[in-house]
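A.B. asks: any chance you could fold what I've pasted below:
(2 chains)
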Amino acid sequence: MAASVSFGTSPVPPRGGVGLKPEHYRTILDSAPDVGWFEIHAENYMGEGGPPHAYLAAIRARYPLSLHGVGLSIGGAGPLDKAHLSRLRALADRYEPALFSEHLAWSSHGSVYLNDLLPLPYTDETLTCVCDHIDEVHDAMARPMLLENPSTYVAYAETTMSEVEFLRAVVHRTGCGLLLDVNNVFVQAANHGFDPFDYLDAFPAEHVREIHLGGHAEDEDAGGAPLLIDDHGREVADPVWTLYAEALKKTGPIPTLIEWDNDVPAWEGLFAEAKRADAAIAAFRKSEMRP
Amino acid sequence: MDNEAAFARALLDAEAAVPEWIEGRDGGGAERRFSVYRNNVYASLVDVLAGRFPVSAKLVGDVFFRAMARIYVAKTPPDSAVLLRYGGGFADFVAGFPPATPVPYLADVMRLEWAWHGAYHSADAEPLPQEALAAFGPRAERLALTLHPSLRLVRSDYPVVTIWELAARDGEDEPVRLPAEGEDALVLRPALEVEVRRLPEGGAVFIQALQDGATLPEAAARASSSSPTFDLVASLAGLMRSGAIVGMGESA
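C.D. replies: Sure thing, here's the model as predicted:
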């Protein structure tokens, strides 16, 4: 309702943050929890008004914010949706998020929106296309974008480079930053049969500005190999916390989001996960101070 | 790139083969892995619809509702990443969906829920204070009203508001006697809460006329000709009281 309020720049601190859910609006405002920051899915705030904007404005007045898009289809072959880009820009202008991120994935084909983060082959052709899209996003948003590494269930025969090589090339060509989703690294490693620590070693950590941690479900494929589903529907798994501690050694303390989008628990459940991220960051800092 | 088209087609059509250039682990088969994406697309969109039409889903049961929603998703997938806009055609689809004909009022309950959803996310506006109308008294002949952007009308041959209220209630089902007459609903969000009201005879015609830009006397005339019992004073007072009026002025 207060569209003209200026929130000013409040940087997202190197702490645990939480994905904002409508279920928690009231609790957050009433109890003012000591959580570092919040992240929103941009598309959920593309209505004209009403409670989502009223609560977001009130929460934004008290906490730093990160804007996370899920619908731009940066990895898509077709042109970006210009109307969607302007909606994103309007949202960013209104709420002044300190971080803005999107996915290395596609989610629209032609005029159909598929509502999932779909994989793309890693080739010279798709690299050019993704980089063109990110250049366009940078121009439209007038702020740097972070690109998130995906979790995928299938691969493409035509792929010619590794995911990390692809991401490195995108960063080099576009100057975008990276959002390292540690759960996605774990899921990706299990699903495609590689060592997640090798992936982290190769990942250009110096460009990572944010980390995501989320829960996954366990399944298997037709051949009996593990198939992990990135469902954001539970606690972060213990081996993902282990991988996170390793990631912190490479990135240093940076903003770390807890994502829990399905079967959303009471606020305390999410808050506890954010505190666990705070504790991991504190443990890392302590280890750094040792001679 | 044709790959993307083939991938998208195989996603939406469960009968379609998974393209041969899609691989599982170590170049292996990908049928089951690909089905994770198929499931995600359908399950997530069916979830969106079930969340948007919760009372309708209760009326026909979750299993029936989800099966119906899945068919709608296959026929009319979203055309925007803004899923807040998805589902506007679902009620019309249901109205022509033969398995739903035993529940003839279902489509109207869905229209009411869609109106509720639209009001929830609509633009905000400050209702005029109650006294505002009095100040205009002498010039009421050419008075035109600006109605709240969240305001929506749902007209039904069934007692749609009563059905919606009863179905939304939790607890044991007691036999109820439904009104024989249809009901017209006014859906409005003057501040943060969406409110649903039954309109009196002629009320919907009156409000529709005002929304279309008619002056107060014109709107009243249309309402009276459709319903001889239309009560202008009561309808106007009701609109004022509910916070439905956000502006007024002399029409040109």
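
A.B. asks: what helices and strands are in contact with the longest helix seen in chain A?
C.D. replies: The longest helix of chain A (DSSP state H) is helix A:267-289. In terms of contacts (3 or more C-beta pairs under 8 Å, 6 or more residues apart in numbering or on different chains; DSSP states H and E), helix A:267-289 is packed against strand A:16-19, helix A:25-31, helix A:238-251, strand A:256-259. Glycine gets a C-beta too; all of them are placed from N, C-alpha and C.

A.B. asks: mind running it again at 7 Å?
C.D. replies: Helices and strands touching helix A:267-289, by 3 or more C-beta pairs under 7 Å, 6 or more residues apart in numbering or on different chains; DSSP states H and E, are strand A:16-19, helix A:238-251, strand A:256-259.

A.B. asks: can I get the ones you listed in a markdown table including distance to chain B?
C.D. replies: Shown next, in a markdown table, are the helices and strands packed on helix A:267-289 (distance: least, C-beta to the nearest C-beta, whole Å):
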| stretch | distance to chain B |
| --- | --- |
| strand A:16-19 | 16 |
| helix A:238-251 | 19 |
| strand A:256-259 | 15 |
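
A.B. asks: ok, which of the ones you listed comes nearest residue B:248?
C.D. replies: When the helices and strands packed on helix A:267-289 are ranked by distance to residue B:248, counting by C-beta to C-beta, first place goes to strand A:16-19 at 43.2 Å.

A.B. asks: average model confidence for that closest one?
C.D. replies: Strand A:16-19 comes out with an average pLDDT of 98.

A.B. asks: just stretch A:251-258 next, same as before
C.D. replies: 98.

A.B. asks: for chain A, what are the low-confidence residue spans?
C.D. replies: Within chain A, the segments meeting pLDDT under 70 span A:1-5, A:291.

A.B. asks: can you give me the helices in the chain?
C.D. replies: Defaulting to chain A. A:25-31, A:51-60, A:82-95, A:124-141, A:163-174, A:182-192, A:196-202, A:238-251, A:267-289.

A.B. asks: let's do chain B instead
C.D. replies: Secondary structure of chain B by DSSP H: the helices cover B:2-12, B:31-52, B:54-60, B:62-75, B:90-95, B:106-121, B:132-136, B:160-168, B:203-211, B:216-226, B:232-242.

A.B. asks: list the buried residues in the fourth one.
C.D. replies: In this case it means helix B:62-75. Buried residues in helix B:62-75, counted by 16 or more other C-beta atoms under 10 Å in any protein chain shown: B:65, B:66, B:68, B:69, B:72, B:73.

A.B. asks: how about the closest residue to chain A within the stretch 51-200 of chain B, phi and psi?
C.D. replies: The stretch 51-200 of chain B approaches chain A most closely through residue B:81 (2.5 Å), counting by C-beta to the nearest C-beta. The phi/psi pair for residue B:81 (degrees, to the nearest 10) reads phi -70, psi -10.

A.B. asks: neighbours of residue B:17, how many?
C.D. replies: Applying other C-beta atoms under 10 Å in any protein chain shown, we find 11 residues neighbouring residue B:17.

A.B. asks: meant to ask about residue B:12, not that
C.D. replies: Residues lying near residue B:12 (other C-beta under 10 Å) number 16.

A.B. asks: my guess is it contacts residue B:74. True?
C.D. replies: Yes. Proximity of residue B:12 to residue B:74 meets the contact threshold set by C-beta atoms under 7 Å, at 6.4 Å.

A.B. asks: who are the contact partners of the residue of the stretch 51-200 of chain B closest to chain A?
C.D. replies: A:43, A:71, A:84, A:107, A:108, A:113 (C-beta atoms under 7 Å, 6 or more residues apart in numbering or on different chains).
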